[in-house]
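S.K.: How does the following fold in three dimensions:
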Amino acid sequence: MLDSDKKIEVIKAINYIADHHQTHMVKYLLTDAMDPRIIHDLRYKGMSIYQIKMGAMEQLTGIKSVKEITYQPDSTVFKFYLDIVLKKGWMK
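M.R.: Presented below is the predicted three-dimensional model:
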């Protein structure tokens, strides 16, 4: 579902991973993490796929991002969470 063309399906998969603390799925969550597509569903209106994925990473790691997570993809935030994931051994 994370590779779906339907944005709402991607969001459902992201939320499932975060809500169920599926750390073994982090590598799939970080694949194409810089996705700038904006959501128009009322629950997520104006948010990007990137923003939702980084919010999930914040939830999974329990560590607040070094910068504010906005709708615009930011490689600093991505690298911050990638480093944490690698240190925790969630991804090789």
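S.K.: Contacts only, for the residue nearest the centre of the chain.
M.R.: In the chain, the C-alpha nearest the mean C-alpha coordinate belongs to Lys53, at 1.4 Å (Cα atoms, centre = their mean). Residues counted as contacts of Lys53 (Cβ atoms under 8 Å, 6 or more residues apart in numbering) are Ile14, Leu29, Leu30, Ala33, Asp35. For the C-beta atoms, the positions are set from N, CA and C on the backbone; glycine is no exception.
S.K.: of the residues you listed, closest to Asp74?
M.R.: The shortest approach to Asp74 among those belongs to Ala33, at 10.6 Å (Cβ to Cβ).
S.K.: how many neighbours does that closest one have?
M.R.: Ala33: 18 surrounding residues under other Cβ atoms under 10 Å.
S.K.: Please identify the helix or strand for it.
M.R.: Taking DSSP states H and E as the definition, Ala33 sits outside all helices and strands.
S.K.: next one: the one 3 residues further on
M.R.: Per DSSP H and E, Pro36 falls between elements, in no helix or strand.
S.K.: For Asp3, give its distance to Trp90.
M.R.: Distance from Asp3 to Trp90, counting by Cβ to Cβ, to the nearest Å: 19 Å.
S.K.: The two: who's more crowded?
M.R.: Remark: of Asp3 and Trp90, Trp90 carries more neighbours, 18 against 10, as counted by other Cβ under 10 Å.
S.K.: now the helices for this structure?
M.R.: Assigned by DSSP state H, the helices in the chain fall at 7-19, 26-30, 49-61, 75-88.
S.K.: nearest spatial neighbour of Ser65, skipping sequence neighbours?
M.R.: Here the nearest residue to Ser65 in space, its sequence neighbours aside, is Val77; by Cβ to Cβ, 6 or more residues apart in numbering that works out to 5.1 Å.
S.K.: actually Leu30, not the one I wrote
M.R.: Leu82 (6.4 Å).
S.K.: ok, the one you found - how many residues close by?
M.R.: Using other Cβ under 10 Å, Leu82 has 16 other residues around it.
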